[in-house]
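Asks: I would like the atomic coordinates for the input below:
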Amino acid sequence: MRHAFFAAAAVALVPALALADGAPREDWGRAGILSSANKAELPPITLSSGMPLSDAPWVLTSGTYYEFEIEGDGSAELALEGSEFFRAIWIDEIVVNDLEIRPLGLNSIEFDDAGTMEIGFVAIKPGNYFLRIPGSTGETQRIDITIE
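Replies: So this is what the prediction gives:
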């Protein structure tokens, strides 16, 4: 009985080990989902008083590892919020001044002074999300994000 259960579980997992186009994930190597073959760079975000956050919305693929930088220019204390987006991803690490932080979750980030932060994450839950400057209502003060 136990062997039948494990055999059925293995058969059920085989489709999960293939990409959407049916190609096997063998090229990912030992690091699996965190391998460089599964990594993409997103355009940086600049936090600057009165400036747009992004030129275009982000369209992400579930299961892909992404990295992006956020740069605060120090022109004002500015934050980014997007709790629904942060719950739809798995954050691998946040790097600030060469210090690596591996949080269990995130609600928002804030820059009191000029500086740079890099965030690495895996997109998980498909849906429509956003990151925005808290309290703002303008479309240029938010980034629309779709995870497919």
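Asks: let me see the contact set for residue 87.
Replies: 105, 125 (C-beta atoms under 8 Å, 6 or more residues apart in numbering). For the C-beta atoms, the positions are set from N, CA and C on the backbone; glycine is no exception.
Asks: ignore what I typed, I meant residue 83.
Replies: Shown in contact with residue 83 (C-beta under 8 Å, 6+ apart): 107, 108.
Asks: and the residue sitting nearest the centre point of the chain, how far is that from residue 145?
Replies: With distances taken as C-alpha atoms, centre = their mean, the residue of the chain nearest its centroid is residue 121 (4.0 Å). Using C-beta to C-beta, to the nearest Å, residue 121 is found at 11 Å from residue 145.
Asks: quick one on the thing from earlier: buried residues in the helix or strand hosting the residue nearest to the centre of the chain?
Replies: Using DSSP states H and E, residue 121 maps to strand 115-123. Residues of strand 115-123 classed as buried under the neighbour-count rule (16 or more other C-beta atoms under 10 Å) are 117, 119, 120, 121, 122, 123.
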